[in-house]
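Q: Return atomic coordinates for the entry below.
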Amino acid sequence: MDMWNEQKLFDYLVNCCYSDLVKARKQMSRWDCYSPLTLHRIELKCRSKHFDGLLIEKKKFDALTEKCKDNLDIPIYINSTPSGVFRFNLYNVEPNWQVGYFGKTTQFSNNNKIPKEIAYLNVNDAEIL
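A: Sure thing, here's the model as predicted:
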């Protein structure tokens, strides 16, 4: 599997398992897309390398799970890596939070390192799409 971007991952999900998938209205939303049929509110990540633990930021996790509680949705975190596509139901994981220093942003030119509370979700706990 070559390197995917979020649009390619979105298109893949529409074809494989979410025919009703719609993108978030706001580009900087804390979630990327939504499936009205499954009530899945989804955050997408595309990784250029495969790791057995896929990183999620606590701020992203908290924002997504809180939004889902308010709307009775299911928070879903989907990662593509060169080894496949992995789906996590965030209600079914127990993250081990830790602080690490990472770039302020991942897709922009600001490479300053800042502390972020993160966890690694084990791919063995994911559903493979």
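Q: Show me the strands paired with the worst-scoring helix or strand of the chain on mean pLDDT, marking each as parallel or antiparallel.
A: When the helices and strands of the chain are scored by mean pLDDT, DSSP states H and E, strand 98-103 comes last with a mean of 87. Strands adjacent to strand 98-103 in the sheet, as given by DSSP bridges, are strand 113-122 (antiparallel).
Q: buried residues in the partner strand?
A: Of the residues in strand 113-122, those buried by neighbour count under the rule 16 or more other CB atoms under 10 Å are Lys116, Ile118, Ala119, Leu121. The way it works is simple: take the backbone N, C-alpha and C, and place the C-beta from them, glycine included.
Q: try stretch 37-48
A: Buried residues in stretch 37-48, counting neighbours by 16+ other CB under 10 Å, are found at His40, Arg41, Ile42, Glu43, Leu44, Lys45, Cys46, Arg47.
Q: Could you grab the helix/strand/coil label for the second one?
A: For Arg41, the assignment made with DSSP: H, G, I helix; E, B strand; the rest coil gives strand.
Q: Wait, it touches Trp31, no?
A: Yes: when contacts are counted by CB atoms under 8 Å, Arg41 is listed as touching Trp31 (5.0 Å).
Q: Overlap of the contact sets of the two?
A: Each of Leu64, Lys67 lies in contact with both Arg41 and Trp31 under the rule CB atoms under 8 Å, 6 or more residues apart in numbering.
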